[in-house]
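*Asks:* just the structure for this:
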Amino acid sequence: MASIRIGAAVATLVAMTAPAAAQAPSLAGKTVQMIIGFDTGGGFDLWGRTVARHIGKHLPGNPTVVPQNMPAAGALSAANHIYNVAPKDGTVLGFIAGSAVLGPITGVPAARFDPTKITWLGTPSTETSICIAYDSPNVKVKTLKDLYEKELIVGASGPGNGIYYHPKALSVLLGMKFKVIAGFPGSAAAFLAMERGEVDGVCNLLDSISNQRPDWIPSKKVVVLFPGGNAPNPEPKDAPLVNDLARTPEDRQAIEFLYAGTGIGRPFLAPPDLAPDVLKMMRDAFSATMSDPEFLADAKKQKLDVTPEDGEHIAALVKKVYATPKPIVDKIGELIK
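*Replies:* Purely as a prediction, here's the structure:
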């Protein structure tokens with residue numbers, strides 16, 4: 001009996017003195033915040049809320065995941081919050097645009113985070129960006145050729161997002177006559193402004209346009225001027241990739257850098273410097289969500305195309321972006337201020 005009591009005491013002592021790192025983290029009884037860097041009602045909000053509905057069951061302890069919109073500064077405020085303020089215990093994760101990754105490297109003042117140090121969890125999809133013009137009598141641009149000769153007023157959020165800096169930079173790089181009106185909280189507001197005749201068009205993600213206004217492209221309510229991205233997309237048809245409109249090799253390299261965020265997609269992120277077990281917990285939960293049959297069925301119902309990449313892939317792309325030659329970075333940085 002004495003030996004049994006001694007053995008039990010030793011086991012208890014070992015359990016009490018085991019390092020915390022050896023114990024699997026748990027979020028049981030806790031609430032996890034999902035910071036969405038955009039306004040409600042847009043394509044990013046739809047993605048963020050769809051993931052939020054399912055990722056909790058893949059986190060240890062099955063916590064409740066609550067979406068919270070933080071739309072200021074084109075998702076840069078959300079990235080700043082995740083990087084500088086959010087706790088590093090797995091109770092906060094975020095969702096921003098891939099284009100926001102260019103904010104710090106191009107010198108956008110509102111970008112106060114380091115994308116090479118932030119924790120990338122993955123993206124549910126990569127993207128194609130398109131520039132469109134609303135087909136109404138008041139809109140003078142009807143073709144790509146018109147865009148070089150007539151002004152197109154496009155709605156945008158603000159610096160740090162492709163909806164703002166794609167048209168702003170292309171006006172100089174390619175001589176297109178975009179006039180950017182910033183200040184819209186998100187794509188939903190910009191689309192509504194197009195329908196009201198307050199702006200003529202927008203440069204935004206293809207799936208965001210297709211989800212919020214599914215009839216626009218098929219019924220030709222809008223003219224697709226050109227797509228942009230890391231690789232050609234089969235849709236839309238008969239529109240040249242913006243990379244192929246470059247007039248010099250240097251301009252092509254600048255355009256590829258400008259659209260680097262499309263390859264990064266719609267990334268989910270967490271604070272930097274996570275403990276290894278917390279990092280593994282969060283990346284594993286994201287990956288498990290991407291293959292969860294219930295999530296996939298929900299995404300299909302929402303007409304969201306799931307083509308995921310993991311956190312390591314996103315981190316490698318970010319590292320590649322930040323290795324871009326400084327003259328190209330400086331050139332784009334000046335154009336998108």
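
*Asks:* where does this protein dip in pLDDT?
*Replies:* Residue ranges of the chain with pLDDT under 70: 1-24, 72-74, 160, 231-235.

*Asks:* phi, psi for the residue most central in space within it please.
*Replies:* Closest residue to the average C-alpha location of the chain: A97 at 2.2 Å, with CA atoms, centre = their mean. When read as degrees, to the nearest 10, the backbone of A97 gives phi -80, psi 140.

*Asks:* for it, give me its contacts.
*Replies:* Residues in contact with A97 (CB atoms under 8 Å, 6 or more residues apart in numbering) are G37, F38, F44, G74, A75, N161, G162, G261, R266. The C-beta positions use only the backbone N, C-alpha and C, and glycine is treated the same way.

*Asks:* my read: the second one touches N69, true?
*Replies:* Which is F38. Yes. Between F38 and N69 there is a contact under CB atoms under 8 Å: 6.8 Å.

*Asks:* identify the contacts common to the two.
*Replies:* Taking CB under 8 Å, 6+ apart as the contact rule, F38 and N69 both touch D45.

*Asks:* and those two? Which one has more around it.
*Replies:* Comparing F38 with N69 by other CB atoms under 10 Å, the one with more neighbours is F38, at 29 against 22.

*Asks:* how about that one: what's its closest non-neighbour residue?
*Replies:* Excluding the flanking residues, the one nearest F38 by CB to CB, 6 or more residues apart in numbering is F44, at 4.0 Å.

*Asks:* what does the helix or strand that contains the one you found contact?
*Replies:* F44 is part of helix 43-55 when elements are defined by DSSP states H and E. With contact meaning CB under 8 Å, 6+ apart, helix 43-55 is reached by 34, 36-39, 65-67, 69, 75, 95, 97, 124-125, 186-187, 205, 207-209, 211-212, 266, 268, 285-286, 289, 292, 294-295, 298-299, 302, 304.

*Asks:* apply 7 Å and report the result again.
*Replies:* Residues from elsewhere that reach helix 43-55 (CB atoms under 7 Å, 6 or more residues apart in numbering): 34, 36-39, 65, 67, 69, 95, 97, 124, 187, 205, 207-208, 211-212, 266, 268, 285-286, 289, 292, 294-295, 298-299, 302, 304.

*Asks:* of the residues you listed, select the buried ones using a PyMOL command.
*Replies:* Entered in PyMOL, the line below selects the buried ones among the contacts of helix 43-55, by 16 or more other CB atoms under 10 Å:
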select buried, resi 34+36+37+38+39+65+67+69+95+97+124+187+205+207+208+211+212+266+268+285+286+289+292+295+298+299+304
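
*Asks:* which of the contacts of A97 fall in helices?
*Replies:* The members of those that map onto helices under DSSP state H are F44, G162, G261.

*Asks:* give the buried subset of those residues as a ChimeraX selection command.
*Replies:* Restricted to buried positions by 16+ other CB under 10 Å, the ChimeraX selection for the ones in helices among the contacts of A97 reads:
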select :44,162,261
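
*Asks:* and for A189, the neighbour number?
*Replies:* For A189, the count of nearby residues is 17 (other CB under 10 Å).

*Asks:* check contacts around the closest residue in space to it that isn't next to it in sequence.
*Replies:* By the measure of CB to CB, 6+ apart, the closest residue to A189 outside its immediate chain neighbours is D39, 6.9 Å from it. When contacts are counted by CB under 7 Å, 6+ apart, D39 touches D45, N69, P71, P185, G186, A188, A189.

*Asks:* so the third one touches S187, yeah?
*Replies:* Meaning P71. No. Between P71 and S187 there is no contact under CB atoms under 7 Å: 10.8 Å.

*Asks:* next, the buried residues of the helix or strand D330 falls within.
*Replies:* In this structure, D330 sits in helix 326-335 according to DSSP H and E. For helix 326-335, the neighbour count (16+ other CB under 10 Å) marks I328, V329, K331, I332, G333, L335 as buried.

*Asks:* and V318, what is it in contact with?
*Replies:* Counting by CB under 7 Å, 6+ apart, V318 touches V101, P115, T116, W120, I264.

*Asks:* I should have written K221 there, sorry.
*Replies:* K221 is in contact with D135, D215, counting by CB under 7 Å, 6+ apart.

*Asks:* what are the buried residues along the helix or strand hosting C131?
*Replies:* In the assignment (DSSP H and E), C131 maps to strand 129-134. Neighbour-count burial for strand 129-134, counted by 16+ other CB under 10 Å, picks out S129, I130, C131, I132, A133, Y134.

*Asks:* next one: stretch 209-217
*Replies:* Those would be I209, S210, N211, Q212, R213, W216, I217, for stretch 209-217 by 16+ other CB under 10 Å.

*Asks:* cool, stretch 166-176 as well?
*Replies:* Neighbour-count burial for stretch 166-176 flags H166, P167, K168, A169, L170, S171, V172, L173, L174, M176 (criterion: 16+ other CB under 10 Å).

*Asks:* widest-spaced pair of the buried residues of strand 129-134?
*Replies:* Farthest apart among the buried residues of strand 129-134 by CB to CB are S129 and Y134. That separation is 17.1 Å.

*Asks:* re the thing from before, name the next helix or strand downstream of the strand holding C131, please.
*Replies:* helix 144-147.

*Asks:* give me the contact list for the very next helix or strand once past that next one.
*Replies:* The element immediately downstream of helix 144-147 (helix or strand, assigned by DSSP H and E) is strand 152-155. By CB under 7 Å, 6+ apart, the residues outside strand 152-155 that reach it are 133, 141, 167, 177-181, 184, 190, 193-194, 199-203.
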